[in-house]
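Undergrad: Sequence and predicted structure below; questions after.
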Amino acid sequence: NAGVTQTPKFQVLKTGQSMTLQCAQDMNHEYMSWYRQDPGMGLRLIHYSVGAGITDQGEVPNGYNVSRSTTEDFPLRLLSAAPSQTSVYFCASSKSRTSSGNTIYFGEGSWLTVV
Amino acid sequence: AQSVTQLDSQVPVFEEAPVELRCNYSSSVSVYLFWYVQYPNQGLQLLLKYLSGSTLVKGINGFEAEFNKSQTSFHLRKPSVHISDTAEYFCAVSDKGYSTLTFGKGTMLLVSP
């Protein structure tokens, strides 16, 4: 079972470049989200989606765009990369709300360095 | 809005000793509580979760946590740790009705022989 798949695993970008972090899940999950992890900060929510065509902002959305055209995919776009976006990015998904006892599954992470 | 405080950034402990990792939360609404573990250069793995019912929750790898509503705490415990438990541990909360998490800053558990 693939679960939540993130690509690329490692990426180095120059300041001002754009790129897309891909996230795909094969579990038919409605809910998907993106987090960034920084040392000493834990994980912070960037954007999330409760279904195809529906997205919303999290705690730290600036500099990132998302779209959800299919249930399976939830790409995260960096429009103009900045050194402050150097981080580890995690995609997560769950079948529905946690009130149903559903587990949130995380991908393996994408390490991004902006120079 | 909700927040999570993990009181210790690092907890050093000797192998086979007991350990407690502390977590306090703040929320104006009822929440669900989680503990995740992250091994070096890996993703997050769910250790345990509290949704309702018994306040003592047992998880994987011998870990357990107790939900204390009056103290707004959800401390993680293990009676005897192993070297392989060395990892970073994250406490997280979720508003009921959502599937996003608010994380604490993490506690690094360092187990030495």
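TA: Arrived safely.

Undergrad: Distance-wise, check the residue nearest the centre of chain B relative to A:R44.
TA: Against the mean C-alpha coordinate of chain B, by C-alpha atoms, centre = their mean, the closest residue is B:W35 at 3.5 Å. Between B:W35 and A:R44 the distance is 18 Å, computed by C-beta to C-beta, to the nearest Å. (Glycine included, C-beta is placed from N, CA and C.)

Undergrad: And B:L46, by the same measure?
TA: From B:L46 to A:R44 the distance is 19 Å (C-beta to C-beta).

Undergrad: what's the answer for B:L47, then?
TA: Taking C-beta to C-beta, one finds B:L47 at 20 Å from A:R44.

Undergrad: between these two, which one's more packed in?
TA: B:L47 (23 against 17; other C-beta atoms under 10 Å in any protein chain shown).

Undergrad: What residues does chain B have near chain A?
TA: Within chain B, the residues that sit near chain A (C-beta under 8 Å from any C-beta of the partner chain) are B:4, B:6, B:9, B:32, B:34, B:36, B:42-46, B:49, B:51, B:90, B:92, B:94, B:96-106.

Undergrad: Repeat the analysis, applying 10 Å as the threshold.
TA: B:1, B:4, B:6, B:9, B:30-32, B:34, B:36, B:38, B:41-46, B:49, B:51-52, B:88, B:90-106 (C-beta under 10 Å from any C-beta of the partner chain).

Undergrad: Name only those of those residues that count as buried.
TA: B:4, B:6, B:31-32, B:34, B:36, B:38, B:43-44, B:46, B:49, B:51, B:88, B:90-95, B:98-106 (16 or more other C-beta atoms under 10 Å in any protein chain shown).

Undergrad: Out of those, name the ones that lie in strands.
TA: B:4, B:6, B:31-32, B:34, B:36, B:38, B:44, B:46, B:49, B:88, B:90-95, B:102-103 (DSSP state E).

Undergrad: Before we move on, what's the pLDDT of residue 94?
TA: Chain wasn't specified; assuming chain A. pLDDT, A:S94: 89.

Undergrad: not quite, I wanted chain B
TA: pLDDT, B:S94: 86.

Undergrad: One more: B:P40?
TA: 87.
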